[in-house]
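*Asks:* Here is a sequence together with a model predicted from it:
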Amino acid sequence: MEIISPNSIGNQIAGLIARSNEKFYAVTAWIDLSNWINIIRELKLARDRGVIIKFYFRDIKEQDFHILLKLGIELYQVKRLHTKFYLNEKEIIVSSMNFIEASDLYSIDIGLHYKDSDTYNKFYHYFLKYINGQNSDYIDFLVDHKNSLKDLQNYLSDRFTDSTINSTETYLFSKDLIPIFHVFIMPNEISLKFPAKNPSQDKIIELTNKLKSLIKNEIRTKEQSEEYNYCTWDINTMGNSTTDFVNIISHLRHINSSSLPSHPTL
């Protein structure tokens, strides 16, 4: 067993993909690899070698869905998934890290790399019992996605007539749906962007607490970094109906507009 240090896990996973001859499976709650050049390259090379590639995840963004689907990767959704490991036919990397490039660059994660057959077989048995099969649903919502997004836009526009909700191919967008945020809406996620650059830690904590007090959905905070000067909050809406979307947004509209800076830098 080898311990993989932070900021090296992505390279180790890329190597695992490069050494695969039969299969590569990624089990990860969340995915964000659309700009992860070396991972995308290794996945493509593996597919060209005839490797069977499967991704098991809790949630996926539309952009990643398109990229992985184009590569011919099988995609499976697993409710309540929080396990993270990556395997080929001989090796497995178990990690605290989701398959997210920013996590590989900035987060303090750990990875455990196993090559012995006994340990590999134990983890693979776990995979078959808890991840594969009846716990995972093969997804193919590409055809329905645009229609569902348009339906959601119409539904929200009818109920929030004081707001402008714009549509792209992959998400809805509004600057005035929720007073102090720019809002990005996808079928499985609502993303809130605070429109001022480099908000203070006190401001982030204040807004995070307010959001958690208003809704019960899972919320992930993404604070600003050297490459991105804004703070966003991603609200998991997997399995929520259009009525649920209305209820969530209605609650969020109660956030005090005094939290917005007088002259935000957009």
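*Replies:* Happy to help now that I have it. Residues are numbered from 1 along each chain as shown.
*Asks:* show me the contacts for the residue nearest the centre of the chain.
*Replies:* Nearest to the mean C-alpha position of the chain, by CA atoms, centre = their mean, lies Trp30 at 3.9 Å. Under the criterion of CB atoms under 8 Å, 6 or more residues apart in numbering, the neighbours of Trp30 are Phe57, Arg58, Asp59, Ile60, Asn98, Phe99, Ile100. For every residue, glycine as well, the C-beta is placed using N, CA and C.
*Asks:* Then Ile108?
*Replies:* Contacts of Ile108 by CB under 8 Å, 6+ apart are Pro6.
*Asks:* Find the nearest non-adjacent residue to Ile60, please.
*Replies:* Nearest residue to Ile60, sequence neighbours excluded (CB to CB, 6 or more residues apart in numbering): Ile31, at 5.2 Å.
*Asks:* my guess is that neighbour meets Ala102, correct?
*Replies:* No: judged on CB atoms under 8 Å, Ile31 makes no contact with Ala102 at a distance of 11.7 Å.
*Asks:* okay, those two: which has more neighbours?
*Replies:* Using other CB atoms under 10 Å, the more surrounded residue of Ile31 and Ala102 is Ile31, with 24 against 15.
*Asks:* and that one, bridged to which residues?
*Replies:* Phe99 (DSSP bridges).
*Asks:* now swap in Asn166 and tell me
*Replies:* Asn166 forms beta bridges with Phe173, as assigned by DSSP bridges.
*Asks:* give me the number of residues near it?
*Replies:* Asn166 has 10 neighbouring residues, counting by other CB under 10 Å.
*Asks:* give the contact list for it.
*Replies:* When contacts are counted by CB under 8 Å, 6+ apart, Asn166 touches Leu172, Phe173, Ser174.
*Asks:* again with Asp116
*Replies:* So Asp116 contacts Met1 (CB under 8 Å, 6+ apart).
*Asks:* Can you check what pLDDT the model gives it?
*Replies:* The score at Asp116 is 95. That number is its pLDDT.
*Asks:* what are the phi and psi angles of it?
*Replies:* phi -80, psi 140 (degrees, to the nearest 10).
*Asks:* For Leu207, identify the helix or strand it belongs to.
*Replies:* helix 201-214 (DSSP states H and E).
*Asks:* mind putting the contacts of Asn166 in JSON lines, neighbour count, distance to Ser8 and pLDDT included?
*Replies:* Formatted as JSON lines, the contacts of Asn166 follow (neighbours: other CB atoms under 10 Å; distance: CB to CB, whole Å; pLDDT from 0 to 100):
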{"residue": "Leu172", "neighbour count": "22", "distance to Ser8": "38", "pLDDT": "90"}
{"residue": "Phe173", "neighbour count": "17", "distance to Ser8": "36", "pLDDT": "93"}
{"residue": "Ser174", "neighbour count": "20", "distance to Ser8": "40", "pLDDT": "94"}
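*Asks:* Just the closest of those to Lys23, please.
*Replies:* Leu172 (36.9 Å; CB to CB).
*Asks:* could you list every residue that touches the closest one?
*Replies:* Residues in contact with Leu172 (CB under 8 Å, 6+ apart) are Leu149, Leu152, Gln153, Leu156, Ile165, Asn166, Val183, Phe184, Ile185, Met186.
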